[in-house]
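Q: sequence first, predicted coordinates after that:
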Amino acid sequence: MGIVVDTSIWVDIERRRITRADVRAAASAEPVYVTPVTIAELRYGVERARTEAQRKRRAEALEELKAMDCLRIDGETGEIFGRLSADLDSKGRPSRHRLQDLWIASLALQHGLKLLTQNRSDFEDIPGLTILSPPAPRG
């Protein structure tokens, strides 16, 4: 088993709302993985930072994250993503406004991993996905 950590968690770590120790506690002894989608979302945050201090803090957090094991998007991931998106659309739960979340969920499903997120509601309607929540954010 293992845990895929959603972008929302890394943002809360960068903002010092939670700590890496909180993530380790939520993951127990299971391996923790990052996705290319999360790296892309965090790179976007670096590039769109409003101040140099914010850019530096975000870039440092991103560099730490890139040292972790990163899952790869491949043909099987694409198959899962396509089926999942179509299924949600057919049930009246549009996928187009949450494509990034669906890629992350597809990777978790492909590899039989749980998902650790602050945004449960973004993933609750995804069949077969086990969702974990970290401790409540600080301040």
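A: The structure has been received and is ready for your questions. Given the structure is predicted, the values throughout are model-derived calculations rather than measurements.

Q: where exactly do the strands run in this protein?
A: Ranges of strands in the chain, per DSSP state E, are 3-5, 32-33, 114-116, 131-132.

Q: winner for burial among those?
A: Of these, the one with the most neighbours on average (mean count of other Cβ atoms under 10 Å) is strand 3-5, at a mean of 25. To be clear about C-beta, it is placed using only N, CA and C from the backbone, and glycine gets the same treatment.

Q: can you list the neighbours in contact with that strand?
A: Here strand 3-5 makes contact (Cβ atoms under 8 Å, 6 or more residues apart in numbering) with 23, 26-27, 30-35, 38, 71, 104, 107-108, 111, 113-117, 132.

Q: in the chain, which helix or strand is least confident?
A: Lowest mean confidence among the helices and strands of the chain (mean pLDDT, DSSP states H and E): helix 20-27, at a mean of 82.

Q: how far away from the center of its chain is that helix?
A: In this view, helix 20-27 has its centroid 14 Å away from the chain centroid, taken as Cα atoms, centre = their mean, to the nearest Å.

Q: name the residues of it that are buried.
A: 22-23, 26-27 (16 or more other Cβ atoms under 10 Å).

Q: so for Ala49, what's the pLDDT?
A: We have a pLDDT of 95 for Ala49.

Q: hang on, I meant Ala136
A: On the pLDDT scale, Ala136 is placed at 67.

Q: okay, stretch 95-107 in CSV with CA atoms only?
A: Presented in CSV, the C-alpha positions along stretch 95-107 are these (Å, rounded to 0.1, in the frame of the first residue of the first chain):
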residue,chain,number,x,y,z
SER,A,95,-15.3,16.4,-14.4
ARG,A,96,-14.1,19.4,-16.5
HIS,A,97,-13.6,21.7,-13.5
ARG,A,98,-11.5,19.3,-11.6
LEU,A,99,-9.3,17.6,-14.1
GLN,A,100,-6.2,17.9,-12.0
ASP,A,101,-7.9,16.1,-9.1
LEU,A,102,-9.0,13.3,-11.4
TRP,A,103,-5.5,12.7,-12.6
ILE,A,104,-4.3,12.5,-9.0
ALA,A,105,-7.2,10.1,-8.2
SER,A,106,-6.5,8.0,-11.3
LEU,A,107,-2.9,7.5,-10.2
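
Q: alright, that wraps it up for me.
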